[in-house]
Every structure is written in C-alpha cells, then in structure tokens.
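Asks: Need a 3D model of the following:
(one chain, ligands or ions: 1)
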Amino acid sequence: MTNYEDIFKKIISHCKEYGYVFQSSEIYDGLAAAYDYGPNGVELKNNIKQYWWKSMVNMHENIVGIDSSIFMHSKTWEASGHKDAFNDPLVDNRDSKKRYRADMLIEDHISKIEDKIAKECLKAAKRFGDSFNKEEFISTNNRVLERQKKIDDISNEMNLALNSNNLEKLKKIIEENDIKCPVSGTNNWTDVRQFNLMFKTQMGATADASSDLYLRPETAQGIFVNFLNVQKTARMKVPFGIAQIGKAFRNEIVARQFIFRMREFEQMEMQFFIRPGEEEKWYNYWKDVRMKWHLSLNLGDENYRFHDHENLAHYANAATDIEFKFPFGFKELEGIHSRTDFDLKAHQKHSGKKLQYFDSEIEKSYVPYVIETSIGLDRMFLTILSNSFKEEELENGESRIVLKIPSFLAPIKAAVLPLTKKDGMPQKAREIMQKLQSNFNCQYEEKDSIGKRYRRQDAIGTPYCITVDHQTLEDNTVTLRDRDVMSQCRVDIQKLNSIISEKVNLANYLE
Ligand code: GAP
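Replies: Alright, predicted model coming up:
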C-alpha cells in the first residue's frame, strides 16, 4: 500500500471512530457514495457553512442569499441544458463487468506516464547528486521528452474528442494506448456511451411524462429562476450576487475517494450578475477573492493551485478550478465559471418571461452576464480534515493523533474536565460549562484518566481543555491546555470566556 493510501485509510477510519462521517445505511452493508455526518461532523460542516456564508453574504453589501427548493419544474433542466448535455462518457469492461468514465481511464493512463517521468527524475537526481538540474534534465533527456510528447498528444486528442462529443474517438484512444481494466487486466471494452447524470423521479400519483422531475444536479438554477424576484425585492443593483447552500445530486458513474465524489452532496454557490462586457474583470476578481479565502485558512499555500479548463461545460466561456492537494493528489475543490448570459437567456426563452435588468446608469436594459463561484461543502470538509490529521511523536516517547482544525471551525471549542469525580469537582466543572455553553460548543467529560481525556480531545480537534482540580476549589482558577502546543497555564475562571473567544470566534477571524 502506498503511503498516501495508508494515510487516507487512517483518516477515513478516524472519521468513523470520532463521529465525523459514517457510511450511509451501514447496518445494511452501506450504500455506495452516500455518507452520513455524525455529531462532530455536523458541527464542522455547519461551521464551514457559516464561515462561507458570513464571508460571502454578510461581508458583501451587494450579495444576498436564498434557499430554493430541490424540486424544480422539469423545464428548468431543458433550459439549463442539463437534460441534453449533462453527460459523462462511460465504458464497460466485458470481463470484469466494471464500469468506468472513459475520460478518467485516459487520465489515469496519463498519470501513469507522469509517474514514470517523476521516477526518471528521481533516478537522475541520485546519479548526479548536487549538480542535478531538474529543469535542464526534463527539457533535454530523450526518454522524458518522448514521454512528455505522448502525454501532450493523448491530452490533446482527448480534449478534442470530449469537446466534439466524439465517442468513437474516445474508444480509439483507449484502444490505441492499450489501456487495460485495473480489475480484469484486459482491454475487452464495450463502445463508449453517454450517460446522463441526473436522477429522475416523479411527483404526484399519476405516472405520465408531465410529472417527471429531476433531483437538481447543481444549486445554481434555483438562483437563476429567482433572479428577478431577488433583484426586485432586495432592490439590488448590478453588479450583485445571489448565494445559496444546498444539496445537489449526481448519478456519478465512478464514485470514489470517500466524500470526494458522492452521489448526494452539498454545494455553496454564488452567482454574480454583471454588465455584459465586464466578464473578464469580474472573473479575475472572483478568482482572486476565492483563492484568498482558501489561503487565509493557513492549510499551506503550496497545497493550492489553479487549473484552467480546456473542456468547457456547455454554459461557460471561461472556467478554472481551485485545486487542493488531497492525500490522493491535486483535485478540484472549487470551480469559478464565466457563465455568460447563457442561463438567464435560456430561461427567458423556455419560460417566455423577460429576465432583464434596467441599468439606470447607462439607461439600458440587458440580460446580465454571470460569474459563478461554486464549492463543494463535502470537499471543503475533506480538505480541512485531511490537512489537519497529524500523527505526532512526543518528547516522552509517546505518540498522539491530533486534528489541528482551524480553531474557529472546530466542532467542540472547549472540553471541561474535572480531575476526579469527587470533592465537588464535577459540580464546579458543570458551573463552568454553564458559563461557557451559550458562547461556545463545549463538552463535559469525567470518565477515564486526565491523560486519556486529553488524547481523546486532541483526536476530536478540540482547541482547549479546561481542567478543574483541587486548587480550583480554593482559588477559582483552572488549567487551560492548548491542543496544538500542549502547553498548560493557570487561568481565572472569569477570564475563560474572553481567552477562548479570542481564538475561536469566527467574528475575530473575519475581522
Ligand atoms: N454550478 C456549477 C457546478 O456545479 P461543478 O464544477 O460541476 O460546477 C462545483 O461543481 C463543485 O461541486 C465542485 O468544485 C466540487 O467541489 C463539488 N462537486 C461536484 N460534484 C461532486 C460530487 N459528486 N461529490 C462531491 N462534490 C462534488
């Protein structure tokens, strides 16, 4: 098992053991690509939502929020293009009966060639020692150049095939490169077919086509169809944004990597309505703002990068991903899309209702253009968890697992721990709980030795432990232990609120 697989497995089992994430319907052997959030998971999820909502909606005078329904008129998805174009190319292996996304099979093949280049570099670095110049090696070594050319050729062909919807060409790329099924090891493939990712259901008792409904594959359309309602009632002036957080559903062909790719997930999306012609300016503006939002969490600047799209979605004329270095490599965390006036114009056409804005500054009516920021809440959750999970060797030879979650996002902010169950310590600890509970999510724990309780709170990611001991009963002071550095200091009970809030309050962080 590779190191990253090992770490990722540990994170997944840690999530289960400490009440973060459970497999859905586990007692029935689970449901693929669906997960439930446990007591700590739901707190972390809510804190991430609050952080996003406050920074996107409350801190921007020109952005407001909505909460639209998951069920929408089925014409919505005709207008948005999802009914015709929200497809992934799928291919089956006849021997293993496993189903794959054709583009992912090809991308995995490209990754293998990239790995070979990385290995050549490592070997050369060992051979040449200090005098090794990686850039020079990559640009001159014949084997590396050949491999890089192969990667470029395959990528270009794949992008052309995807952009022109050429499924035969995709199959040809798989055959020509002798790409094999990872399970059966054979290249006995079916033809590549399109597979629509929307879940279909029906509303009401009658089962004719007019009652067909789709579970929304993105929250964005709930914003577009409410564009005029919001603009008029909230008296918004272009440029302005509408944000929403909610569930989205996609019948992913290959759902894997834990909560990274699920069939039911949550999105935090914002559509920013602008004057036509200003899309480049606002696209760059939101790229910058969103990257800063991520970097401010201090999860390591080197773990983020932009990846501009070559295969654009049917609605976009420019798009980039903010990628994060997950344990399994750099992958999409957030998308920023220049959606032009595609959606509003399409809804205008399909509904017969005007969706225009009168811009009094230039005395003109127009259909606004849109820049979208769209982040998966579950992927943000995984970003934070996978980055915070640390196995540390301690000076006394012991080790600990600690979740160094940014303090203002931690599920539990402080644990109140009476040293023993005797001498009035539990009562004193409960008094402290009562004082703190209305400000922070706190946990009271009296079972097990104090050392074990510290380790448990480290594993949950609780920034502070407050220990009540004999001295507390005499002078109203407690021991305050810091999760990250494990330092302990004596603090007056009256000061606990302000000390903790300085570190864990979202408001302080946003300021
Ligand atoms: N409204 C635009 C839109 O939905 P997208 O790139 O398809 O764009 C946006 O999705 C974000 O939603 C992604 O960056 C990702 O974080 C999240 N996302 C998409 N599919 C997902 C899935 N199957 N499971 C978890 N998150 C997903």
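
Asks: surely N196 meets P89?
Replies: No: contact criterion Cβ atoms under 8 Å: N196 and P89 do not qualify, at 11.5 Å. Yep, even glycine has a C-beta here, placed from its N, CA and C like the rest.

Asks: So between the two, which is more surrounded?
Replies: Per other Cβ atoms under 10 Å, whichever of N196 and P89 has more neighbours is P89, with 23 against 18.

Asks: Now do the same contact list for the more buried one.
Replies: Residues in contact with P89 (Cβ atoms under 8 Å, 6 or more residues apart in numbering) are R101, A102, D103, L162, L167, L170, V192, R193, Q194, F195.

Asks: mind checking which helix or strand it is in?
Replies: strand 87-92 (DSSP states H and E).

Asks: now swap in I151 and tell me
Replies: Going by DSSP H and E, I151 is in helix 142-163.

Asks: Now the next helix or strand after that helix: buried residues?
Replies: Counting by DSSP H and E, the next helix or strand C-terminal to helix 142-163 is helix 167-176. Buried residues in helix 167-176, counting neighbours by 16 or more other Cβ atoms under 10 Å, are found at L167, L170, K171, I173, I174.

Asks: And stretch 42-51, by the same measure?
Replies: E43, L44, K45, N47, I48, Y51.

Asks: just those that are near the ligand?
Replies: Among the buried residues of stretch 42-51, no residue sits close to the ligand (Cβ under 6 Å from any ligand atom).

Asks: Export the residues you listed to TSV and append columns for secondary structure and pLDDT.
Replies: Converted to TSV, the buried residues of stretch 42-51 look like this (DSSP: H, G, I helix; E, B strand; the rest coil; pLDDT from 0 to 100):
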residue	secondary structure	pLDDT
E43	helix	98
L44	helix	98
K45	helix	98
N47	helix	98
I48	helix	98
Y51	helix	97
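
Asks: for the stretch 401-511 of the chain, what spans make up the helices?
Replies: With DSSP state H, counting those that start in this stretch as the criterion, the stretch 401-511 of the chain has helices at 425-437, 450-460, 470-475, 496-504, 506-510.

Asks: what helices or strands is the third one leaning on?
Replies: Okay, so that is helix 470-475. helix 425-437 (3 or more Cβ pairs under 8 Å, 6 or more residues apart in numbering; DSSP states H and E).

Asks: and the helix it packs on, average pLDDT?
Replies: Averaging pLDDT along helix 425-437 yields 96.

Asks: Nearest spatial neighbour of F265, chain-adjacent residues omitted?
Replies: D378 (4.9 Å; Cβ to Cβ, 6 or more residues apart in numbering).

Asks: part of a helix, is that neighbour?
Replies: Yes: looking at D378 with DSSP: H, G, I helix; E, B strand; the rest coil, it is inside a helix.

Asks: Give me the distance between it and M268.
Replies: 10 Å (Cβ to Cβ, to the nearest Å).

Asks: low-scoring pLDDT stretches of the stretch 1-150 of the chain, where are they?
Replies: 1-2 (pLDDT under 70).

Asks: Please enumerate the helices of it.
Replies: Under DSSP H, counting those that start in this stretch, the stretch 1-150 of the chain gives helices at 3-17, 39-53, 75-79, 82-85, 102-128, 134-140, 142-163.

Asks: Around the ligand, pick out the residues from the stretch 251-400 of the chain.
Replies: 252, 261-262, 265, 267, 269, 332-335, 372, 374-376, 378-379.

Asks: could you redo the last one with a cut-off of 5 Å?
Replies: Neighbours of the ligand within the stretch 251-400 of the chain, by Cβ under 5 Å from any ligand atom: R261, M262, F265, E332, G335, S374, G376, R379.

Asks: Among those, which are located in helices?
Replies: The helices, defined by DSSP state H, take in R379 from these.

Asks: Any of the residues of the stretch 251-400 of the chain next to the ligand buried? List them.
Replies: Using 16+ other Cβ under 10 Å as the burial test, those include R261, M262, F265, E332, G335, S374, G376, R379 as buried.

Asks: CA atoms only for stretch 135-155 - export them in CSV, please.
Replies: The C-alpha trace of stretch 135-155 is given here as CSV (Å, rounded to 0.1, in the frame of the first residue of the first chain):
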residue,chain,number,x,y,z
GLU,A,135,14.6,21.7,-15.4
GLU,A,136,17.5,21.0,-17.7
PHE,A,137,17.0,17.3,-17.3
ILE,A,138,13.3,17.5,-18.2
SER,A,139,14.0,19.6,-21.2
THR,A,140,16.9,17.6,-22.7
ASN,A,141,16.5,13.9,-21.7
ASN,A,142,15.2,12.0,-24.7
ARG,A,143,13.2,9.4,-22.8
VAL,A,144,11.5,12.1,-20.7
LEU,A,145,10.8,14.2,-23.9
GLU,A,146,9.3,11.2,-25.6
ARG,A,147,7.0,10.5,-22.6
GLN,A,148,6.0,14.2,-22.4
LYS,A,149,5.1,14.2,-26.1
LYS,A,150,3.0,11.1,-25.5
ILE,A,151,1.1,12.9,-22.7
ASP,A,152,0.6,16.0,-24.8
ASP,A,153,-0.7,14.0,-27.7
ILE,A,154,-3.1,11.9,-25.7
SER,A,155,-4.4,15.0,-23.8
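
Asks: Is there a neighbour count for the closest residue to R99 other than its chain neighbours? I'd like the number.
Replies: Among residues not flanking R99 along the chain, D92 sits closest, at 5.1 Å (Cβ to Cβ, 6+ apart). Neighbour count for D92, taken as other Cβ under 10 Å: 17.

Asks: dump the residue contacts of D92.
Replies: Counted by Cβ under 8 Å, 6+ apart, D92 has contacts K98, R99, Y100, W189, T190.

Asks: separation between it and N188?
Replies: D92 is 9 Å from N188, by Cβ to Cβ.

Asks: got it, and V230?
Replies: V230 sits at a distance of 53 Å from N188 (criterion: Cβ to Cβ).

Asks: quick one: which of those two has more around it?
Replies: Per other Cβ under 10 Å, whichever of V230 and N188 has more neighbours is V230, with 18 against 12.

Asks: Confirm that one sits in a helix?
Replies: Yes: counting by three-state DSSP, one finds V230 located in a helix.

Asks: Establish whether the strand holding P89 and the ligand are in contact.
Replies: No: judged by Cβ under 5 Å from any ligand atom, strand 87-92 stays clear of the ligand, getting no closer than 10.8 Å.

Asks: Sheet partners, orientation included, of that strand?
Replies: Partners of strand 87-92 in the sheet, by DSSP bridges, are strand 99-101 (antiparallel), strand 193-196 (antiparallel).

Asks: how much space is there between the residue lying closest to A124 once chain neighbours are set aside and the ligand?
Replies: Excluding its sequence neighbours, the residue lying closest to A124 (Cβ to Cβ, 6+ apart) is F137, at 5.4 Å. Per Cβ to the nearest ligand atom, to the nearest Å, F137 is found 35 Å from the ligand.

Asks: out of the strands paired with strand 87-92, nearest to F408?
Replies: strand 99-101 (37.3 Å; Cβ to Cβ).

Asks: Indicate whether that closest one makes contact with the ligand.
Replies: No: against the ligand, strand 99-101 shows no contacts by Cβ under 5 Å from any ligand atom, the least distance being 11.7 Å.
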